[in-house]
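Undergrad: sequence unavailable; structure follows:
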């Protein structure tokens, strides 16, 4: 259905991913609530863009060892961008992961609310 909030969020997500550059795989780092709410949406948008993706559950903070393990997983998948969704802790971990990889971190607009901002 055109004109819905999800359509607007999807258009914004597409624009953010284009601005991040590259056309490679996307690693989605998200908490349970974000996965439940948006996984079908990510699949549709990323498939339409021709970008393989993998959804990785994460909740809470992460230490250096956890970031290193996530980075190894992302490298193994070939991720060229991190898509983050969820609560503030999850978004912070996604940003730390992207920094460790030297890749962009894109925040899902649907998760970019006052409660989710870092």
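TA: Ah, there it is. In this text the structure is predicted, and so the values were computed from the model without any measurement.

Undergrad: for the rest of this, base every contact and every neighbour count on C-alpha atoms.
TA: OK.

Undergrad: residue 21 - how many residues pack around it?
TA: Using other C-alpha atoms under 10 Å, residue 21 is surrounded by 12 other residues.

Undergrad: could you show me where the strands are in the chain, in order?
TA: Under the criterion DSSP state E, the chain contains strands at 26-30, 53-57, 81-85, 105-107.

Undergrad: ok, the third one: who's next to it in the sheet?
TA: Just to be clear, that refers to strand 81-85. strand 26-30 (parallel), strand 105-107 (parallel) (DSSP bridges).

Undergrad: give me whichever of these is most buried.
TA: For the strands paired with strand 81-85, the largest average neighbour count (mean count of other C-alpha atoms under 10 Å) is found in strand 26-30, namely a mean of 26.

Undergrad: spell out for me which residue occupies the centre of the protein.
TA: residue 83 (1.5 Å; C-alpha atoms, centre = their mean).

Undergrad: now residue 85, nearest residue through space, not along the chain?
TA: residue 30 (4.7 Å; C-alpha to C-alpha, 6 or more residues apart in numbering).

Undergrad: and the pLDDT for residue 4?
TA: pLDDT for residue 4: 43.

Undergrad: how many neighbours does the closest residue to residue 101 other than its chain neighbours have?
TA: Among residues not flanking residue 101 along the chain, residue 71 sits closest, at 6.3 Å (C-alpha to C-alpha, 6+ apart). The tally of other residues near residue 71 (other C-alpha under 10 Å) stands at 19.

Undergrad: contact partners for residue 71?
TA: 97, 100, 101 (C-alpha atoms under 8 Å, 6 or more residues apart in numbering).
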